[in-house]
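S.K.: Need the 3D shape of this:
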Amino acid sequence: MFSNLKKHKTYYISALALAGPLIIAQLGHTLVQTSDTMIIGHFLGKISLAASSLAHSVFMMVLVLGLGIAYGLTPLIAQASGRNDKEEISKLLSNSIWINIASSILLFLGVYYGSMYGMQHADQDPLVVDEAKPYLLVLSLSIFPLMIFNAFKQFAEGLGFTKQAMRITIWGNVLNVILAIIFVKGFFGIKPMGIAGVGIATLIDRILMMIVMALYVLKSKHFQPYIIHFNFFSIQKKRIKAILKLGTPVAFQYFFEVSAFAGASLIAGKISALDQAAHNVAITLAAMTYMIGLGISGATTIKVGNSFGKENYQRLKTFARVSYHIILGYTICTALLFAIFNYPIAALITNEQDVVSLAAKLLIIAGIFQLFDGTQVIGLGILRGMGDVNIPTLITLLAYWVVGLPSGYYMGVNLGFGIQGVWYGLTFALLTSSILLYLRYRFMIKKKLDIS
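M.R.: The predicted structure is shown next:
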């Protein structure tokens, strides 16, 4: 690894330079939930904390379907950029916007009718459900601006312009925290809104982020060569099909993973409100470190997609190897951080001591699955850049729903290990996914090299 670092120094620098803004932008999405959880944990207590966990779990199960479809745009843009096809890139953008608008409507209906119903019939604490319902409704309204924001964001990132989305996300997070505290506590003459106030702050934040990101893409000089061919009303079946062909499997990859973690939250709620609250604290912290891995994976998709478009498979192979090295170095550091400082880190989220104590135990387990979580997300990023999404989707289904969740339920409920047993199951899922995705990449690159 160290000899490879010296030999391919420029590849490491290039990958990290592209990944940096993506990491911050991805962290920004998670920091919205993290800051919301911290505000709820410190100001509103255990029941509200469990309610936010329940609402986020069922909300994300639906939302990731839309986000996955949006992410399907990036490798297509990167591949078209590798061919220097500006007209194709602009047409992909216009069709992606319409796909995201349609997805927003379907996702809202899915949350409002499907998630609400599921939450009420999932054997959860009635007090938790009653508090989660208004919060979930406001969150579901934020799907519309978030999806449009993502259409423009994925377009810009596919072309390698990642800093603006990062800046918008940072300022959006600052605004979200300020508004959430104002609405929750009832400052400046506003009536205290409780947990619903956190959702309203997120909605306002996402509307403003959508407006600023759209103006940036449509007005910036960087995108003028593409805007010449851009027509908002240009809807073409061929390009919609191409985006959905990549985006739909990606959506299900995210859905299988997030729904497994949502299932873990529901299992935790079946055990006790304490287990569910502790799960929320630990998964919020683990999600922050995961988002850094997701940012590195996004950069990998762009670099691999660009190399794939140019049919430069040796360059592709080098960027893949570099990405695996970067993620391993990073996840070893986060694993040590969670293992050594588990209690003080958990205490940052809530001051409920029983919740902190249990969450600290979960963070030790999270330290272990960091390694597998990082390598599996890089595997997905590489294969996505190569346009290979169907087999990876089946791998995620197998890992999370055949291996992870059943084993977690058995250990957590049947064997009486509680939420810790559920997290052992999630660790097995990530291990399975990381191994199978790496083997799939090795198969795909060997096939391409043999052909060329």
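
S.K.: how about the strands in the stretch 1-150 of the chain?
M.R.: Taking DSSP state E, counting those that start in this stretch, the stretch 1-150 of the chain contains no strands at all.

S.K.: could you pull out the helices for it?
M.R.: Here the stretch 1-150 of the chain has its helices, by DSSP state H, counting those that start in this stretch, at 2-7, 9-43, 46-71, 73-82, 86-109, 116-120, 126-141, 143-158.

S.K.: which intervals of the stretch 201-350 of the chain have sub-threshold pLDDT?
M.R.: For the stretch 201-350 of the chain, the stretches with pLDDT under 70 are 230.

S.K.: where exactly do the helices run in it?
M.R.: For the stretch 201-350 of the chain, the helices defined by DSSP H, counting those that start in this stretch occupy 224-227, 237-271, 273-309, 313-340, 342-347.

S.K.: quick one: residue 239 from residue 304, how far?
M.R.: Using CB to CB, to the nearest Å, we find residue 239 at a distance of 21 Å from residue 304. Glycine gets a C-beta too; all of them are placed from N, C-alpha and C.

S.K.: Could you do residue 107 as well?
M.R.: According to CB to CB, residue 107 stands 28 Å off from residue 304.

S.K.: One more: residue 159?
M.R.: Applying CB to CB, the value for residue 159 to residue 304 is 15 Å.

S.K.: Tell me which of those two has more neighbours.
M.R.: Taking other CB atoms under 10 Å, residue 159 and residue 304 do not tie; residue 304 has more neighbours (28 against 21).

S.K.: ok, now how distant is the more buried one from residue 260?
M.R.: According to CB to CB, residue 304 stands 26 Å off from residue 260.

S.K.: now do residue 415
M.R.: For residue 415 relative to residue 260 (CB to CB), the value is 19 Å.

S.K.: Which one's more surrounded, those two?
M.R.: Taking other CB under 10 Å, residue 415 and residue 260 do not tie; residue 260 has more neighbours (23 against 11).

S.K.: and the residue nearest to the more buried one when sequence neighbours are not counted, how many neighbours?
M.R.: Excluding its sequence neighbours, the residue lying closest to residue 260 (CB to CB, 6 or more residues apart in numbering) is residue 400, at 3.7 Å. Residues lying near residue 400 (other CB under 10 Å) number 29.

S.K.: do the same with residue 414
M.R.: By other CB under 10 Å, the residues close to residue 414 number 9.

S.K.: again, but for residue 161
M.R.: 17.

S.K.: For it, which three-state class applies?
M.R.: coil (DSSP: H, G, I helix; E, B strand; the rest coil).

S.K.: do you know how far it is from residue 152?
M.R.: Taken as CB to CB, the span from residue 161 to residue 152 is 11 Å.

S.K.: what do you get for residue 401?
M.R.: Shown here: residue 401 relative to residue 152, a distance of 33 Å by CB to CB.

S.K.: do residue 236 as well
M.R.: Distance from residue 236 to residue 152, by CB to CB: 19 Å.

S.K.: just residue 425 next, same as before
M.R.: Separation of residue 425 from residue 152 (CB to CB) stands at 38 Å.

S.K.: out of those two, which sits in the more crowded spot?
M.R.: Using other CB under 10 Å as the criterion, residue 425 and residue 152 rank with residue 152 on top: 27 against 24.

S.K.: just checking, the more buried one touches residue 214?
M.R.: Yes. Between residue 152 and residue 214 there is a contact at 5.3 Å, judged by CB atoms under 8 Å.

S.K.: confidence score at residue 123?
M.R.: We have a pLDDT of 60 for residue 123.

S.K.: List the contacts of residue 21.
M.R.: 162, 163, 165, 166 (CB atoms under 8 Å, 6 or more residues apart in numbering).

S.K.: Pull out the buried members of these.
M.R.: The neighbour-count test (16 or more other CB atoms under 10 Å) marks 162, 165, 166 as buried among those.

S.K.: How about the backbone phi and psi for the second one?
M.R.: Per-residue torsions, residue 165: phi -60, psi -40 (degrees, to the nearest 10).

S.K.: what's near enough to touch it?
M.R.: For residue 165, the contact set (CB under 8 Å, 6+ apart) comprises 21, 25, 153, 156, 157, 213.

S.K.: rerun that using 7 Å as the cut-off
M.R.: Listed by CB atoms under 7 Å, 6 or more residues apart in numbering, the contact partners of residue 165 are 25, 153, 156, 157, 213.
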